[in-house]
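Q: Quick one, what's the 3D model for this:
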Amino acid sequence: MWYARARYSENRLASSPVNPCSISCSSARQHACHSAQAARPFGVRLTSSARRLGAAPIGRILEDFAQEAGPTSFADGQKLSIAGVVTSSKVKTTRSNTLMAYVTVEDSTGAMEMLCFARTLETSGSYLKEGQTILASGRLSVRDEKAPQLMCDSARPLDGSAADVSAGAAGEKRQTLYLRLPSMDSHEMTQFRRIAYLFEGKEPVRIRLIDSGKLIGTTAALHPAFVRAMRELLGDENVVLK
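A: Model (predicted):
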């Protein structure tokens, strides 16, 4: 009997192909929300201080928006805070020639992407580094079939993680970043200064100016996100870390 029922179900499915255009934004958003919760490499549980400051579990936000009938506890544009580990941070240049960053924050319940624009980067950019545990505040943004995002207004270290990161960096072997830039007044130099402002630190950076041959020095935090941004700006052949 069960075999006959299975065959009947297979025949019905085969004779009734699904029209991709019939999939609603709600269903697509459910898939996006569930994907954001699945297969996370690691996460942090909300600490007592994060709960006390009102941080919402990321998984709870995603589950609410994944409901077929729509969210009941959260809403597009709602102000809230989340807490977790920064698992990725990518800086981009906008069409208006300002900087923004896509930052993913993860706790033990899920992961959420944050959009961080120039003003936020100026005030909180040094905290938006991979491995940093932060408390971030902003407004929820829900667009089309995407999982909810946080338009981040501010971020700060949680439970002294900034001190932990600095202590860990101090114990590592110091490296130097070598860069080649066209000139002091080039577009690349302007972009370098903007990005380096977000990665303030004490590790050495040496810049060779192609037009004059001069070697100038500065410092920065040689975080992988900073080095990656330099490779995207200048090309691999003009960036050496050793």
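
Q: In contact with the residue nearest the centre of the chain, which residues?
A: The centre of the chain sits closest to V103, judged by Cα atoms, centre = their mean, with a distance of 1.5 Å. By Cβ atoms under 8 Å, 6 or more residues apart in numbering, the residues touching V103 are 86, 88-90, 113-114, 116, 128, 152. Just so you know, the C-beta spots here come from the backbone N, C-alpha and C atoms, and that holds for glycine as well.

Q: from those, which ones fall inside helices?
A: Taking DSSP state H, every one of those sits outside helices.

Q: Selection in ChimeraX covering whichever of these are buried, please.
A: Buried subset of those, written as a ChimeraX selection, criterion 16 or more other Cβ atoms under 10 Å:
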select :86,89,113,114,116,128,152
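
Q: where exactly do the strands run in the protein?
A: Residue ranges of the strands in the chain, as given by DSSP state E, are 79-93, 99-107, 110-116, 133-141, 149-157, 177-181, 203-209, 215-220, 239-241.

Q: Just give me the closest of the contacts of V103 to L222.
A: L222 lies nearest to S89 out of the contacts of V103, by Cβ to Cβ, at 14.1 Å.

Q: Can you give me the neighbour number for S73?
A: Neighbourhood size, S73 [other Cβ atoms under 10 Å]: 12.

Q: Now do the contacts for the closest residue to it other than its chain neighbours.
A: With Cβ to Cβ, 6 or more residues apart in numbering as the criterion, S73 has its nearest non-adjacent residue at 4.9 Å, and that residue is D64. Counting by Cβ under 8 Å, 6+ apart, D64 touches 71-74.

Q: Please repeat the previous calculation with a cut-off of 6 Å.
A: By Cβ atoms under 6 Å, 6 or more residues apart in numbering, D64 lies in contact with 71, 73-74.

Q: quick one: low-confidence parts of this structure?
A: 1-51, 159-173 (pLDDT under 70).

Q: change it to 80
A: Along the chain, the model assigns pLDDT under 80 to residues 1-53, 144-145, 158-174, 198, 200.

Q: Could you measure from the closest residue in space to P57 that isn't next to it in sequence over to L115?
A: Distances taken as Cβ to Cβ, 6+ apart put T109 closest to P57, at 4.5 Å, once the chain neighbours are dropped. Applying Cβ to Cβ, to the nearest Å, one obtains 21 Å for the distance of T109 from L115.

Q: Which one of these two is surrounded by more residues?
A: Here T109 and L115 are compared on neighbour count by other Cβ under 10 Å; more neighbours surround T109, at 19 against 15.

Q: Might one say that that one is in contact with G59?
A: Yes. Using Cβ atoms under 6 Å as the test, T109 is close enough to G59 to be in contact (2.8 Å).

Q: shared neighbours of those two, anything?
A: Common neighbours of T109 and G59 (Cβ under 6 Å, 6+ apart) do not exist.

Q: Does T104 touch S89 like I think?
A: No. Between T104 and S89 there is no contact under Cβ under 6 Å: 7.7 Å.

Q: who does D107 bridge with?
A: Beta-bridge pairing of D107 under DSSP bridges involves G110.

Q: need the strands of the chain in JSON lines with distance to R193, can you?
A: Output for the strands of the chain, formatted as JSON lines (distance: least, Cβ to Cβ, whole Å):
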{"stretch": "strand 79-93", "distance to R193": "13"}
{"stretch": "strand 99-107", "distance to R193": "11"}
{"stretch": "strand 110-116", "distance to R193": "18"}
{"stretch": "strand 133-141", "distance to R193": "25"}
{"stretch": "strand 149-157", "distance to R193": "22"}
{"stretch": "strand 177-181", "distance to R193": "10"}
{"stretch": "strand 203-209", "distance to R193": "11"}
{"stretch": "strand 215-220", "distance to R193": "9"}
{"stretch": "strand 239-241", "distance to R193": "16"}
